[in-house]
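**Student:** I need the structure of the sequence given here:
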Amino acid sequence: MGERQATRKLGIVGGVGWAATALYYEQLCRRSERMRRERNVGGVSSTLEMAIESLDLAHAVSLLGKEGDEASWSAFDAYHTDALLRLERCGAQVAVMASNTPHHRLAAIARGVRIAVLDLFALLAARCAAAGVRRALVLGTPTTMGSHVLHGAFAAAGVRSEVPQDARDRAELAALIDGLQKGHVPDAAQRIERLAIGCLGADAASGMVVLACTELPLAFCAAGTEGAEAAFTHHGVRYLDSALVHVEAALQACCADDSPGLASPGSAAR
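**Tutor:** Sure, this is the predicted structure:
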């Protein structure tokens, strides 16, 4: 047998929703195989060791709390914390929640968890800042778009984060997310593009649209391909795929000897 590269085992809290979790798994496998090829390591393809705790989307949504009422989030937090603890017990050393919405509650969810949980909001803000973006349109669920945690992360990175304000735009976005969770929406990319241009206006080419719902990138056919990039341009509009940003950070955290995205156990990695 060939020499085995030392890696950390990855735990994924998925199922919210399942199509995005499948994309995470596929991309993690594709990219870890590619890393092996680029290092000219022969033999059987090598992929990360992973464990997935797939949650029930309907149950998770039913547990969403109300902003300003900390106690109302306790069941939602516990549902995700318990999944992380199960991953910890099965040997995972790094974890990701394959969904944007729970990251609004990351600090509470990760409390008492002894393995590092990668902070998706901080990663998205850092990618925008590194790309020189100063204005980002964030598209996601109502919880994500209204999250002071998300907007705080962007502000700390020097990026102005905005969300659609028109009720019709928000309704359109909610319908798109619901449709993508259930299956393919034929004109989803065009509908996202119209929404982005309508919100960004003349700044559409210079700003960036953050697809801060792991279902939204599924609207673009390239999302699941081997050469897919986290940042991409479609019809002149720049997008950032939250799922692939997360995948890239997870792979780095699991494979690098001293990953900058890996925090000490018991804290959320930023």
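**Student:** please enumerate the strands of the stretch 151-270 of the chain.
**Tutor:** Taking DSSP state E, counting those that start in this stretch to define them, one finds strands in the stretch 151-270 of the chain at 160-162, 208-211, 231-234, 237-241, 268-269.
**Student:** revised request: answer the last question for the stretch 1-150 of the chain.
**Tutor:** With DSSP E, counting those that start in this stretch, the ranges of strands along the stretch 1-150 of the chain come out as 10-14, 50-54, 94-97, 116-118, 135-139.
**Student:** partner strands of the fourth one, with direction?
**Tutor:** Right, strand 116-118. As defined by DSSP bridges, the strand partners of strand 116-118 come to strand 94-97 (parallel), strand 268-269 (parallel).
**Student:** adding distance to residue 71, write the strands of the stretch 1-150 of the chain out as a markdown table.
**Tutor:** Just so you know, the C-beta spots here come from the backbone N, C-alpha and C atoms, and that holds for glycine as well. Shown next, in a markdown table, are the strands of the stretch 1-150 of the chain (distance: least, C-beta to C-beta, whole Å):
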| stretch | distance to residue 71 |
| --- | --- |
| strand 10-14 | 23 |
| strand 50-54 | 25 |
| strand 94-97 | 22 |
| strand 116-118 | 23 |
| strand 135-139 | 27 |
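**Student:** need these in CSV (columns: distance to residue 252 and mean neighbour count).
**Tutor:** Output for those, formatted as CSV (distance: least, C-beta to C-beta, whole Å; neighbours: other C-beta atoms under 10 Å):
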stretch, distance to residue 252, mean neighbour count
strand 10-14, 11, 27
strand 50-54, 15, 18
strand 94-97, 10, 28
strand 116-118, 10, 26
strand 135-139, 22, 24
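**Student:** now the helices for the stretch 101-250 of the chain?
**Tutor:** In the stretch 101-250 of the chain, the helices defined using DSSP state H, counting those that start in this stretch lie at 106-109, 120-130, 142-145, 148-156, 167-182, 188-200, 242-255.
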